[in-house]
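# coords please:
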Amino acid sequence: MSPLTEDQIRLIARIAAEELGPVANTERLREVVQRVTESLERQGPRDFRTEPHGRILVVCISLDGLKTSSILSQALKDSGWTISERSERTVAGFHTLTAVADRGESGEDFETLRRRLSDAGNQVGVRIILQTEDALKRGP
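Residues are numbered from 1 along each chain as shown. Predicted coordinates:
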């Protein structure tokens with residue numbers, strides 16, 4: 001996308017040296033700085049304060065499949081988000097539900113949805129994890 005400035009590269013090198021600590025040498029620093037620089041230039045500028053857009057991957061884990069489905073469905077219904085795809089499976093005694101949620105006409109932002117689902121799950125012992133489509137597409 002856009003090349004980093006010399007000051008930005010120096011900052012990356014300084015942070016890499018601090019992170020590597022006593023094993024930092026010229027070759028290792030060069031490798032880290034090159035990898036990070038290439039990744040940042042490929043991604044382009046990002047503002048992490050902006051609202052994520054696109055779909056959300058929702059993963060629910062519990063011991064009770066009916067409870068999991070009910071909690072997720074009600075929380076998403078209350079928020080105005082909809083499930084476009086879902087998959088359920090029992091793995092080693094744990095019920096797992098994976099769903100793709102779309103914002104649709106909902107005016108609720110990602111952070112509000114995350115809190116709503118987390119609170120609903122915590123009340124009944126269902127672990128709910130959300131991941132944005134943007135983060136999944138970003139890759140290494």
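# Need the nearest residue in space to I83, chain neighbours excluded.
Setting aside the residues directly before and after it, I83 is nearest to A99 in space (C-beta to C-beta, 6 or more residues apart in numbering), at 4.8 Å. For every residue, glycine as well, the C-beta is placed using N, CA and C.
# again, but for R114
Nearest non-adjacent residue to R114, counting by C-beta to C-beta, 6+ apart: L130, 5.1 Å away.
# Phi first, then psi, for the one you found.
phi -120, psi 140 (degrees, to the nearest 10).
# okay, now it: neighbour count?
Neighbours of L130 under the rule other C-beta atoms under 10 Å: 17.
# How about the one 3 residues further on?
Neighbourhood size, E133 [other C-beta under 10 Å]: 15.
# any weak-confidence spans in this protein?
1-3, 41-53, 135-140 (pLDDT under 70).
# on that earlier part again, bridge partners for the residue nearest to I83, pull those for me.
A99 has the following beta-bridge partners by DSSP bridges: V58, R86.
# how near is the residue nearest to R114 to S39?
Taking C-beta to C-beta, to the nearest Å as the measure, L130 falls 24 Å from S39.
# do the same with S79
As for S79, its distance to S39 is 33 Å (criterion: C-beta to C-beta).
# Quick check on the two: which one has the bigger neighbour count.
Higher neighbour count among S79 and S39: S79, with 20 against 12, using other C-beta under 10 Å.
# tell me the phi and psi of the closest residue in space to that one that isn't next to it in sequence?
Excluding the flanking residues, the one nearest S79 by C-beta to C-beta, 6+ apart is E108, at 4.7 Å. With angles defined as degrees, to the nearest 10, E108 sits at phi -80, psi 130.
# For E108, list the residues it contacts.
Shown in contact with E108 (C-beta atoms under 8 Å, 6 or more residues apart in numbering): 79-81, 116.
# and S106, what does it touch?
79-81.
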